[in-house]
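# What follows is a predicted protein model with its sequence.
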Amino acid sequence: MTELEKFQELKQKVLLKYQEHHPFFQGTWKTFSSQDIQNLIGLIEEKCKQTISEKWIYTHLKPETNNKIPRKDMLNILSEFVGFSGWDEFTFEEKIVQTIQGSQSEKSKISKKWLLLLFIPLALVVVFFSKKEDSKPKTIQLNNEYTNEKVNAEEVKVFEVKDSVKQELEIKEGKVQVSNNGNEKSKLVIQSPFYLPKTIVINPNGGTTTEPPKRIDLKPDDYAMMLKAFMLSDIKDWQTRKAQLNKILSDNLEVIVMLKDDLGAEYFNKSEFSQKLIVPTASLKKMKIVEIKNDANDKIQFIRIKQE
């Protein structure tokens, strides 16, 4: 603030001080009358033991603007009238205020800088852990679509295909974990001799993130499920079983039984295999179906069995 601006401020304080003694006056220096001037002169003489002429007031206080400041001795008198020891103290108070404000402003700038410096690494940490959380493997529950029961891990295989690389995933208690790498395109291929095959595409657009599903329902192959039941159950009515087998097995059925200990394989046609199922043995219950193929009429045309 310039000295002229400070003088204008001092004039306003003098006017306010005058209003404290003469509250009926609510005007400005422009409306300051001759009587008001006399009253002000009297107040200054009473408080400061100094005299200011009426002409000086007309010259320096009455104008709305001033081109230069008055003599310092007159400024001292007005400063003392409004409560200061003199002009130097009046202007010094302003310097202190400016210094404090400047200091506060500088502190504010420094604080903002520190906040910004602290915010950036904090934001990076949040983003890092957010991405880390997003990249954690996702668990998918595999259920039988009809019974809502979890699938048998030995009867289902799940493969994750990414960049033409096919990797088998481990199934535990009907659950499988798949990677979740943001926008990277991948797909899940589910295969089973007892369920219809299923493929789940993740991030089909290669850019829009699609979360892996939390659950996948697999639709059973009815004939394959019946065949499994025949192999595991005890015979009660062989005539009924023979009729059922004739319905689900193709006339061109081929059965390959892979013998344990790598001893080779056995071949059965429909008639031979049906006979083994109609009159089941203990060894039949130890056989595990690993592959089933159906013909155009959905009858079982090919069976691959592993001897255990």
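Perfect, I can see it now.

# Let's see stretch 256-272 as PDB, backbone CA atoms only.
Taking C-alpha atoms only, stretch 256-272 is exported to PDB below (Å, rounded to 0.1, in the frame of the first residue of the first chain):
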ATOM      1  CA  ILE A 256     -11.600 -98.400 -25.900                       C
ATOM      2  CA  VAL A 257     -10.500 -99.500 -22.500                       C
ATOM      3  CA  MET A 258      -7.000 -98.300 -21.600                       C
ATOM      4  CA  LEU A 259      -5.400-100.900 -19.300                       C
ATOM      5  CA  LYS A 260      -3.500 -99.900 -16.200                       C
ATOM      6  CA  ASP A 261       0.300-100.200 -15.900                       C
ATOM      7  CA  ASP A 262       0.500 -99.200 -19.600                       C
ATOM      8  CA  LEU A 263      -0.400-102.700 -20.800                       C
ATOM      9  CA  GLY A 264      -2.300-101.500 -23.900                       C
ATOM     10  CA  ALA A 265      -6.000-101.300 -24.600                       C
ATOM     11  CA  GLU A 266      -9.100-103.400 -25.200                       C
ATOM     12  CA  TYR A 267     -11.700-102.900 -27.800                       C
ATOM     13  CA  PHE A 268     -15.500-103.500 -27.400                       C
ATOM     14  CA  ASN A 269     -18.500-103.100 -29.700                       C
ATOM     15  CA  LYS A 270     -22.000-102.300 -28.600                       C
ATOM     16  CA  SER A 271     -23.000-105.900 -27.900                       C
ATOM     17  CA  GLU A 272     -19.800-106.800 -26.000                       C
END
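
# And that stretch, what's buried?
Using 16 or more other Cβ atoms under 10 Å as the test for burial, stretch 256-272 gives 257-258, 268, 270. From N, CA and C alone the C-beta is placed, and that goes for glycine too.

# contacting residues around that stretch?
Stretch 256-272 has contacts (Cβ atoms under 8 Å, 6 or more residues apart in numbering) with 249-255, 276, 287, 290, 302-308.

# Which parts of the stretch 151-300 of the chain are strands?
157-162, 165-169, 171-172, 175-178, 186-191, 198-202, 215-218, 249-258, 265-269, 287-294, 300-307 (DSSP state E, counting those that start in this stretch).

# Would you mind extracting the C-alpha trace of the fourth one into CSV?
Put plainly, it is strand 175-178. The C-alpha trace of strand 175-178 is given here as CSV (Å, rounded to 0.1, in the frame of the first residue of the first chain):
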residue,chain,number,x,y,z
LYS,A,175,-13.9,-74.4,-7.7
VAL,A,176,-11.3,-73.1,-10.1
GLN,A,177,-9.1,-70.0,-10.0
VAL,A,178,-8.5,-67.9,-13.1
